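A.B. asks: Quick one: sequence plus predicted model below, questions after.
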Amino acid sequence: MASKLGRTINTSKLFPPKTLNPCHLIPSFVHKKKISINEHSPFFPESNIYTEFSRPYHSSEDAVSIHSDSTTVVEELTAIFTNQPLLRTSEELTTLGTKLNTETVESVLKGLKSWRIAYEFFSWAADQDGYRHNCYTYNAMASILSRAKQTAKLKILARDMVNSRCPMTPGALGFLIRCLGSQGLVDEANYIFDQVKMMGLCFPNSYTYNCLLEALSKSTSVDLVEKRLREMQNSGFGPDKFTLTPVLRVYCNAGKFEKVLDVFNQIRDRGWIDGHIFTILMISFSKWGEVDKAMELIERMEDLNISLNEKTLCVLIHGFVRESRVEKALHLFDKMRKLGFKPDLPLYDVLIRGLCQKKELRKALNLYMEMKDSGILPDVSIISKLISSLCGEGDLASTKILLEEGEQALDAKALILLYNTLLDGLVNHGLVDKAYLLLRVMMGAESVSEAVNDLVSIKKIVSPDCTSFSIVIDGFCNMGQLDSALRLFWDMIRMGWKGNVLLYNNLINELCNANRVDEGFELLKEMKKSGFKPTQFTHNSIFGCFCRREDVSRAIDLVREMRENGHEPWIKYYSLLVKQLCIHGKVIEASDFLNNMVQEGFLPEIIAYSIVMDGFFKIQGVDKATKLFRDICGRGYCPDVIAYNILMNGLCKARRVSEAQDVLNEMLEKGVVPSVVTYNILIDGWCKTHEIDQAILCLSKMVEKAREPTVVTYSTLIDGLCNAGRPNDALILWNEMVKKGCSPNKIAYTALIHGLIKCNKADIAVVFFHEMKEKEMKPDRFVYLALINDFVSKGNSVLALEVLKDMVTNEKFPSPLDKDYPLCISALHKLSEDVVTSSDVKNLIVQGLIPTIGNVSDMDVKSVVEPRD
DNA sequence: ATAGGGTTAG
């Protein structure tokens, strides 16, 4: 874009040439005006603000020629700066410096190929006596830097330009603004515009404003654009098409639908709609995922006889593929070809990828063939995509053809990429052994080449690279074939490949997962020897293994080594370690481990301390636990709700419920919000210490605080109420629970059934017993036994037998070693003594469901084998 | 290839 340095408005790339007359902003008199080529005055009279449009540009074809002396100077300078950097301090150059003028500088800048040299020349010129850059030389330089994307230098240049106080024509300022805008330097463009205006270096006209808006429209700064638009109107410049276009664009960028519509209507009402406007809208719609709306626009465009341009179609096709609507994309693709546009590789690429993603591989292949027929050479990336998709579908035959084509068209470096894709595809398709065979053939093992005949017909051998090995090694790892992975790894090392960090990490991690940590350690040594630095992941893999093994001393040694490397041990591993130590009663060891971590400079998270605190409580170390809690508080930890819960639970279990109540108050003071669990713990504490009223009070408090009781809350209280001899209240609570939609689980049923039995209400209990079984919850044996025993003791043999039958068909009768055994036997005795149930008991013995008991003889048993009616 | 961790009822 920035090629005329502000003298003419070159908008052809921004706006369709058909709709734009570049002169529409320029009063006609300007074209007649000429300005002397040797104009050196740094200040143009104000009346000349439009002269830049007519100033000839010496290097363009129709430009006025520079006299021959100047031409020589340009040529010499260009030659010296291009080819003879050593001559830059020579006398010759000093002489040339005296002949410098702005036109020469512009010419030289235009002729220099590299932005770096141009920049050097530009700086050199600035230092020459009697020479000053003007706005055109600055713009020439700005244009070069902008094209070279040297944004930092461009910014400095723009500031220098302002600081030099060189006057600018509105066009020149517009040009500069567009240079900045094209590099996304929106704020800078905005700033420079104001500076220039403020310093009186230029009076912006509507073109300048349009340039500024154009620059701003690359952002989403709606406010900025609106502000400038008002400013422009206040300066007497009404908006034209080139004003509204950037306004539309910024609203599009910011996703302001309403505003977009509003501006669009303004543009339409003034008859300014063109393809460019549509393109802006369509790109936005496509970005917003509104491809259908974009399609509607296309139809409207066709109605308005505005031709679709290639870019718009491309954008839409990309948009449809992005939404996985490949059919629609293909439809547009056809349209595009009918309009005579020739699709390029990127467009084929996106469609083929879209089809691959939809697993429409036949269509993808056809399109690929079409592309080749139309004379477009495929690149390695598209072949690679096809190979990996075909592999994924197990279509090895097509893969083979593509690979053969690749062999003809690609060099060895690209070809190895295809082979790696193939290896990867095989591995992903679960064919890691096949991949391994292919790899061996690549390594030169001709003896197995038969086995990969269906994959490749190797004409030229492609040696595997590090990636090839990595793919197959990782494949083995993922298939659990760790030893194959290791063997291949060492093969790779022997072949001189060093591997990479990822490969080492994967292998070490797999070894550690397989509890082969010593080998993992060996590999770590090898890794370091090869010059790779272990990462956090490497160390934590090994650390995790030590933690799982509860190997405290090696774990702490590793923590030390990790600290030296600046690697943090992962909480999931050390919390696992302390948890397991606690489970095994080694709470002191767990506590010591955390202390050691602190000594090594790592502060364990509160979670780990919570585990240890709970551990102390579980081994009746109440004082140790509470001391630990206070210690960590003193060390600056802020216990969270779970840490408090553990503390309260420990105190409650030690029957120190009022202390637990104090802890709850402490929580509230400190602003730690109690959870349902907190209240449940306290409720249970009160229940277990026979303070059922306190427990119910606690329930109402939790409801007050909008903590919904859970099935745990209800179970706890139902158990407590029954133990307090209040079965009716327990039943009321049960109904309340069900009414609230809280469905009872096995523990809740157990609590109620057992509670009712304890309250002498086995007849009610058995109703819930049946309800529970209907819900396919399996009662624990002690529930059966409690019922049987209760019925037996009350002489209700029929019900007792019914439950007994139920029990023995659902689970084994307790063994003689079981603590419940004597109880069961005594119940059986009672049932066999009762005439109503004795024969059924014998039947159960015959069926082998219950053991033979004392006074039921074998003879008796035989007598019941014959069925009686 | 990177956090799932710790607490309550029969």
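C.D. replies: Received it, and whenever you're ready, just let me know what you need.
A.B. asks: Quick one: low-confidence residue ranges for the stretch 51-200 of chain A.
C.D. replies: A:51-69, A:84-89 (pLDDT under 70).
A.B. asks: Let's see that with 50 instead.
C.D. replies: Along the stretch 51-200 of chain A, segments meeting pLDDT under 50 span A:51-67.
A.B. asks: I'd say residue A:443 and residue A:461 touch.
C.D. replies: No. Contact criterion C-beta atoms under 8 Å: residue A:443 and residue A:461 do not qualify, at 9.1 Å. All C-beta spots, glycine's among them, are computed from the backbone N, C-alpha and C.
A.B. asks: The two: which is more packed in?
C.D. replies: residue A:443 (16 against 13; other C-beta atoms under 10 Å).
A.B. asks: quick one: contacts for the more buried one?
C.D. replies: A:463, A:464, A:491, A:495 (C-beta atoms under 8 Å, 6 or more residues apart in numbering).
A.B. asks: Taking those residues, please make a PyMOL selection of just the buried ones.
C.D. replies: Only the buried entries of the contacts of residue A:443 go into this PyMOL selection, using 16 or more other C-beta atoms under 10 Å:
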select buried, chain A and resi 464
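A.B. asks: and DNA strand B, which of the contacts of residue A:443 reach it?
C.D. replies: The subset of those within reach of DNA strand B, by C-beta under 7 Å from any atom of the strand, is empty.
A.B. asks: near DNA strand B, which residues of the stretch 351-500 of chain A?
C.D. replies: So the stretch 351-500 of chain A meets DNA strand B at residue A:474 (C-beta under 7 Å from any atom of the strand).
A.B. asks: Please report phi then psi for whatever residue of the stretch 351-500 of chain A ends up closest to DNA strand B.
C.D. replies: Taking C-beta to the nearest atom of the strand, DNA strand B has its nearest neighbour within the stretch 351-500 of chain A at residue A:474, 6.6 Å off. Dihedral angles of residue A:474 (phi, psi; degrees, to the nearest 10) stand at phi -60, psi -40.
A.B. asks: And for residue A:549?
C.D. replies: phi -80, psi 0.
A.B. asks: For it, give me its contacts.
C.D. replies: By C-beta under 8 Å, 6+ apart, the neighbours of residue A:549 are A:515, A:517.
A.B. asks: ok, now with 10 Å
C.D. replies: A:515, A:517, A:555, A:577, A:580 (C-beta atoms under 10 Å, 6 or more residues apart in numbering).
A.B. asks: From those residues, keep the buried residues only.
C.D. replies: Buried, going by 16+ other C-beta under 10 Å: A:517, A:555, A:577, A:580, out of the contacts of residue A:549.
A.B. asks: got the contact list for the stretch of helix or strand residue A:827 belongs to?
C.D. replies: Element membership for residue A:827 (DSSP states H and E) is helix A:821-833. Here helix A:821-833 makes contact (C-beta under 10 Å, 6+ apart) with A:781-782, A:784-786, A:788-789, A:791-793, A:795, A:797-798, A:800-801, A:804, A:807-808, A:813-816, A:818, A:837-842, A:844-845, A:850-856, A:860.
A.B. asks: If we check DNA strand B, which of those are in contact?
C.D. replies: Counting by C-beta under 7 Å from any atom of the strand, no member of those is near DNA strand B.
A.B. asks: which of the residues you listed count as buried?
C.D. replies: A:781, A:784-786, A:788-789, A:791-792, A:797, A:800-801, A:804, A:807-808, A:813-814, A:837-838, A:840-842, A:844-845, A:850, A:853, A:856.
A.B. asks: Sort out for me which of those are in helices.
C.D. replies: A:781, A:784-786, A:788-789, A:791-792, A:797, A:800-801, A:804, A:807-808, A:838, A:840-842, A:844-845 (DSSP state H).
A.B. asks: Check the secondary structure at whichever residue of the stretch 451-600 of chain A sits closest to DNA strand B for me.
C.D. replies: Residue nearest to DNA strand B within the stretch 451-600 of chain A: residue A:537 (2.3 Å; C-beta to the nearest atom of the strand). Assigned with DSSP: H, G, I helix; E, B strand; the rest coil, residue A:537 falls in the helix class.
A.B. asks: What degree of burial does it show, as a neighbour count?
C.D. replies: 16.
A.B. asks: Return the residues in contact with it.
C.D. replies: A:501, A:502, A:504, A:505, A:506, A:508, A:509, A:567, A:570.
A.B. asks: I'd like to know how many residues surround the first one.
C.D. replies: By the criterion of other C-beta under 10 Å, residue A:501 has 15 neighbours.
A.B. asks: Tell me if I'm right that it and residue A:536 touch.
C.D. replies: No. Counting by C-beta atoms under 10 Å, residue A:501 sits too far from residue A:536 to count as a contact (11.4 Å).
A.B. asks: quick one on the thing from earlier: turn the contacts of residue A:549 into a markdown table, including secondary structure.
C.D. replies: Below are the contacts of residue A:549 laid out as a markdown table (three-state DSSP):
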| residue | secondary structure |
| --- | --- |
| A:515 | coil |
| A:517 | helix |
| A:555 | helix |
| A:577 | helix |
| A:580 | helix |
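A.B. asks: Which ones among those residues also lie next to DNA strand B?
C.D. replies: Within these, nothing lies near DNA strand B by C-beta under 7 Å from any atom of the strand.
A.B. asks: would a markdown table of those with pLDDT be doable?
C.D. replies: Output for the contacts of residue A:549, formatted as a markdown table (pLDDT from 0 to 100):
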| residue | pLDDT |
| --- | --- |
| A:515 | 93 |
| A:517 | 93 |
| A:555 | 95 |
| A:577 | 96 |
| A:580 | 95 |
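A.B. asks: now for those residues, which pair is the farthest apart?
C.D. replies: Largest separation among the contacts of residue A:549 by C-beta to C-beta: A:517 and A:580, giving 16.0 Å.
A.B. asks: Report the secondary structure state of the residue in the stretch 1-150 of chain A that DNA strand B sits nearest to.
C.D. replies: The nearest approach of the stretch 1-150 of chain A to DNA strand B comes at residue A:149, 31.1 Å away (C-beta to the nearest atom of the strand). When classified by three-state DSSP, residue A:149 comes out as coil.
A.B. asks: Give me the spatial nearest neighbour of it, chain neighbours excluded.
C.D. replies: Using C-beta to C-beta, 6 or more residues apart in numbering and skipping residues adjacent in sequence, the residue nearest residue A:149 is residue A:183, 6.5 Å away.
A.B. asks: In contact with that neighbour: list those residues for me.
C.D. replies: Counting by C-beta under 10 Å, 6+ apart, residue A:183 has contacts A:142, A:145-152, A:154-155, A:189, A:215, A:218.
A.B. asks: I'd assumed residue A:138 was in contact with residue A:172.
C.D. replies: Yes. Using C-beta under 10 Å, residue A:172 is in contact with residue A:138, at 8.2 Å.
A.B. asks: Do a quick rundown of the strands in chain A.
C.D. replies: Ranges of strands in chain A, per DSSP state E: none exist.
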